[in-house]
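Chemist: need a structure here:
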Amino acid sequence: MFTNLQKTLEYEEAYSLKAKKEKNKKKEWEGSSAICFVYISRIENIKAQVQFEKALHFAESNNLKEEIVGSYFLGALVQIGFSNASKAIALLDVALPLAEKLDDVYWRESVLQFISYILQMSGETQRAIEIQKKTISIYKSKPLDSVY
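Modeler: Predicted coordinates for the structure are as follows:
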């Protein structure tokens, strides 16, 4: 996936075609987001931005709520590639209430952790700590099981 871009693009196209035939919109989104990750890893930020926009548009037009959150997360990763922490935080600020509304622990935790990381790297340690405390409080209210 990260060594041969042409093969990756061909694989994504095949994956997406299969998902379309199966009428599986979530898998179609996965294919699109995978390409975004590839561009991010290759530091092809402009292509990553275009792919993020496609993934977000696809998720929104198909009302894929978890994938909309995932798209905003992707967008934040792209903005980090552009060294634009404020835009990354802005995208995550959109994603967080969506994840909370879904009551999706994975996405809520991922978004909070990413916000905290960006704040810490930006020198806003106290705000990062407050977010970490919020994350810990989420887990304190959960019963112990293999997930938590």
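Chemist: For A95, which non-adjacent residue is spatially closest?
Modeler: Using Cβ to Cβ, 6 or more residues apart in numbering and skipping residues adjacent in sequence, the residue nearest A95 is Y72, 3.7 Å away. Placement of C-beta: from N, CA and C, glycine included.
Chemist: Would you pull up how far the strand or helix carrying that neighbour lies from the middle of the chain?
Modeler: Using DSSP states H and E, Y72 sits within helix 65-81. Chain-centre distance of helix 65-81: 3 Å, with Cα atoms, centre = their mean, to the nearest Å.
Chemist: hmm, who's touching that helix?
Modeler: Applying Cβ atoms under 8 Å, 6 or more residues apart in numbering, the contact partners of helix 65-81 are 26, 29, 33, 36-37, 40, 43, 45, 48-49, 52, 55-56, 58-60, 85, 87-89, 91-92, 94-95, 98-99, 102, 104, 107, 110-111, 114, 118.
Chemist: Make a PyMOL selection of whichever of those residues turn out to be buried.
Modeler: Per 16 or more other Cβ atoms under 10 Å, the buried members of the contacts of helix 65-81 correspond to this PyMOL selection:
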select buried, resi 29+33+36+37+40+45+48+49+52+55+56+58+59+85+88+89+91+92+95+98+99+104+107+110+111+114+118
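Chemist: Which ones among the contacts of helix 65-81 map onto helices?
Modeler: 26, 29, 33, 36-37, 40, 45, 48-49, 52, 55-56, 58-60, 85, 87-89, 91-92, 94-95, 98-99, 102, 107, 110-111, 114, 118 (DSSP state H).
Chemist: where does this structure dip in pLDDT?
Modeler: In the predicted model of the chain, residues 1-2, 143-148 satisfy pLDDT under 70.
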